[in-house]
Structure formats: structure tokens, C-alpha cells
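> What follows is a protein structure lacking sequence information:
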């Protein structure tokens with residue numbers, strides 16, 4: 001689809017492409033070793049990419065959701081794990097900014113923008129959407145603050161994070177909200193520990209370890225947003241998560257398509273001498289991949305542009321962006337299936353970009369909300385009960 005890009009958007013996209021090219025050289029090694037790409041994170045700080053969604057007044061780029069989507073679609077094509085890891089930081093800045101006090105903005109956003117510090121929100125406890133919106137981790141009110149206890153899994157980017165955003169349920173809460181809230185804590189907070197547990201099929205370099213909280217003390221100054229209104233506030237900012245994750249899925253699908261397109265143009269069938277792309281079934285597969293990529297790209301860009309222009313979706317915003325994300329995931333998985341069929345054995349062997357991309361993409365349907373949860377949400381909305 002046509003996009004009339006600004007000079008700032010063109011600069012950001014060009015930076016994303018340059019970083020993708022640089023990081024692609026070492027992506028396979030980090031994947032094979034399961035090692036965290038500290039050198040990539042250092043480069044992201046150096047270029048300012050880590051300030052993507054930070055307001056300009058605090059030293060950031062203040063990218064709109066559309067600009068962030070366009071950049072991440074390109075960036076993820078170099079090293080998907082690095083792109084997903086920094087995605088969480090940029091998302092969290094977008095999440096938290098509307099609910100921060102001015103003092104919190106000066107402290108947190110000032111450090112993110114001017115000192116290139118990183119933050120991330122950690123919500124997952126292994127129970128899907130219900131555990132994210134109603135955490136098992138708890139906060140108990142005490143004199144001067146709260147005592148936090150609990151555990152978070154899949155804590156992406158944690159080897160490099162300076163501020164840990166943790167979701168908890170308030171013990172004894174009787175207010176009008178859902179009862180959850182977020183505390184944003186410095187890495188060295190007593191009782192906050194990281195357990196190095198990450199060893200997964202794909203996204204092996206994201207450093208998505210486990211966090212434990214043992215009698216962690218936090219004050220009201222660490223709390224982001226209103227007490228007890230985690231779910232209600234999340235509903236207002238979920239587009240940061242859904243749109244940028246969709247961009248990452250799309251970029252990985254595009255990566256696989258690019259590799260097999262080149263393969264189909266240049267590789268010849270040994271027995272007949274035909275190019276792989278001369279075979280009818282491979283042409284059908286390439287056409288199907290292109291169709292899904294372009295349809296998803298149009299849907300993503302359109303939604304991101306509308307949200308960036310603050311066109312209201314009202315109560316349909318959560319269903320709309322979650323529907324988009326799960327739709328993107330399902331379609332890119334099929335693009336991945338088709339790509340591996342065309343690539344044959346080269347798409348199955350370790351060290352192949354197609355094989356690595358396919359494993360990375362397998363995380364897409366596992367992200368909350370899952371497809372069945374989104375379909376149930378859509379049905380409830382349409383049925384009215």
C-alpha cells in the first residue's frame with residue numbers, strides 16, 4: 001500500500017535496515033549458543049534506537065505506532081531475537097508513559113532517553129491471559145508501601161534491563177477496578193532475583209529468563225498508574241504490543257519469503273535442469289506467500305496509521321488489535337510452512353536462515369492473548385452476552 005513517509009520516518013527505517021544488516025552476521029551464532037546479544041544492545045543504545053517510543057522532551061524519538069511498526073518490520077529481518085527483545089522495552093515505554101506522574105517521567109523516561117537505560121514489563125506467569133490480567137503475584141500493603149511476592153516467566157531482555165515492571169494483584173482489594181497494578185523497580189532492588197532458565201526452540205537469544213520476588217519492598221512512587229486498575233489501563237495501550245508484535249511476525253515471514261524466492265530463481269533441479277521456480281507447485285506456493293504477506297501488510301499499516309492518527313476504536317480497540325495480531329501470526333505461520341516446502345532439506349538443516357526463522361516464528365501463536373481467547377472475545381462482543 002502507498003505510504004507518504006516523512007523525512008523522520010525514512011531516517012528511522014533506514015537505521016533499522018542498517019542495524020538488521022549488521023546484526024544478521026552474528027544472528028546464527030547467538031541462536032546456536034543461546035547467548036544474549038549484548039553487543040547488539042550496545043549498538044542500539046549508541047544509535048538511539050532504544051529511545052524509539054520515548055517522548056522528545058526526554059531525549060527520545062517519539063515514534064508513532066506506525067513508525068515503530070515500519071521500523072520493526074525491517075529490523076527483525078536481521079536478528080529476530082534482538083528485535084523481539086528491544087520490542088519489549090519500546091512497548092513498555094509506550095505502555096507506561098500515559099500513566100506516569102511527572103516525577104516518574106523525569107526519573108524513568110529521562111533515564112531511558114538521555115542515559116539509554118532499558119525497562120520492560122514482566123507479566124507472564126504461565127497461565128495465559130487470566131494470569132496476566134489477574135496475577136498470582138501479590139502486593140500486600142504495609143506502612144510506607146507494599147510487599148511484593150511472586151514469580152514471572154519469559155522475562156524477555158532481562159539480562160540488560162535496568163527497570164523491572166512487574167504485575168501484581170493487591171491483597172484484600174475491594175475497589176472498583178480489576179485489582180491489579182504495576183510496580184517499576186530498579187534492577188538492584190533487594191529480593192528481586194533473576195534465574196537463568198531460558199532454553200527454547202526459537203528466539204533463543206532473547207534472554208527470556210525467570211524473575212522471582214521475595215518480600216520486595218516498593219513504595220507508591222514505584223507504582224505506575226492507579227491502584228487496582230491494571231486491566232483497565234492495559235486496554236488503553238494494548239495497541240503498542242499488538243501492532244509491534246504483528247510487525248515482527250510480518251518481518252520474519254518476509255525474511256523466509258526473500259530466501260526462498262532467491263532459491264527458486266537460482267537453484268536447479270538436478271534431474272531435469274529446471275529452476276525450482278519453474279515448477280508449478282512452487283509457483284503456486286510463492287503466489288500464496290506473496291498474497292498473505294501483502295494482505296497482512298495492508299491490514300497492519302492501515303490499523304497502525306489509524307491508531308497513530310488517534311482515530312478512536314472505542315470499546316472495539318482491544319478486539320481489533322488482538323484480532324490483527326493473531327491473524328498475522330496464523331498467516332505468517334502458513335508463509336513459513338510454504339517456505340520450508342520450497343526450500344526442502346535446506347529449510348530443515350541447522351544454520352539455515354529459513355530453519356532459524358521458522359523456529360523463531362513458532363513463538364507467535366503462544367503470545368497472549370492466544371487465538372482461541374481472541375475468538376471467544378470476538379464472539380462475546382458480537383453476541384452481546
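Received the coordinates, thanks. None of the values given here were measured: they were computed from a predicted structure.
> Tell me if residue 168 really is in a strand.
Yes. Under DSSP: H, G, I helix; E, B strand; the rest coil, residue 168 falls within a strand.
> okay but it is in contact with residue 179, surely?
No. Residue 168 is not in contact with residue 179 according to Cβ atoms under 8 Å; the separation is 9.5 Å. Quick note: C-beta positions are derived from backbone N, CA and C, even for glycine.
> Give me the more crowded residue out of those two.
Using other Cβ atoms under 10 Å as the criterion, residue 168 and residue 179 rank with residue 168 on top: 26 against 22.
> to the chain's geometric centre, what's the distance from the helix ranked longest in the chain?
As assigned by DSSP state H, the longest helix anywhere in the chain is helix 230-266. What separates the centre of helix 230-266 from the centre of its chain is 9 Å, taken as Cα atoms, centre = their mean, to the nearest Å.
> Stretch 147-154 now?
Its chain's average C-alpha position is 20 Å from that of stretch 147-154, according to Cα atoms, centre = their mean.
> who's in contact with it?
Outside stretch 147-154, the residues that touch it by Cβ atoms under 8 Å, 6 or more residues apart in numbering are 122-126, 135-140, 166-168, 183, 191, 197, 208, 210-218.
> now those residues: which count as buried?
Buried members of the contacts of stretch 147-154, counted by 16 or more other Cβ atoms under 10 Å: 122-125, 135, 137-139, 166-168, 183, 208, 210-211, 213, 216, 218.
> The protein - how does it break down into domains?
As given by automatic domain parsing, the domain ranges for the chain are 7-117, 120-226, 231-383.
> tell me how far the longest one is from the chain's mean position?
The reference is to domain 231-383. Counting by Cα atoms, centre = their mean, domain 231-383 comes out at 14 Å from the chain centroid.
> Repeat that for the shortest one.
Averaging C-alpha positions (Cα atoms, centre = their mean) puts domain 120-226 17 Å from its chain's average.
> Just the local confidence number for residue 266, please.
On pLDDT, residue 266 comes in at 93.
> ok, back up a step: which of the domains of the chain is buried the deepest?
Compared across these, domain 7-117 shows the largest average neighbour count, a mean of 20 (mean count of other Cβ atoms under 10 Å).
> End to end on that one, go ahead and measure it.
27 Å (Cα to Cα, to the nearest Å).
> the helices in the stretch 251-385 of the chain, which residues?
Using DSSP state H, counting those that start in this stretch, the helices of the stretch 251-385 of the chain run over 280-308, 317-343, 353-361, 371-383.
> Over to residue 201. Which of the three states is it?
Each residue gets one of three states, and residue 201 gets coil by three-state DSSP.
> Surely it and residue 359 touch.
Yes. Using Cβ under 8 Å, residue 201 is in contact with residue 359, at 5.3 Å.
> Could you work out which of the helices of the stretch 251-385 of the chain reaches nearest to residue 273?
For residue 273, the closest of the helices of the stretch 251-385 of the chain is helix 280-308, at 15.2 Å, according to Cβ to Cβ.
> could you say what helices and strands that closest one packs with?
If you count contacts as 3 or more Cβ pairs under 8 Å, 6 or more residues apart in numbering; DSSP states H and E, helix 280-308 packs onto helix 65-75, helix 230-266, helix 317-343.
> and it with helix 317-343, angle?
Per axes from the mean of the first three to the mean of the last three Cα atoms, to 10 degrees, the angle that helix 280-308 makes with helix 317-343 is 160 degrees.
> Low-confidence regions, the stretch 1-150 of the chain specifically.
Low-confidence regions of the stretch 1-150 of the chain, defined by pLDDT under 70, span residues 1, 127-132.
> I am finished for the moment; much appreciated.
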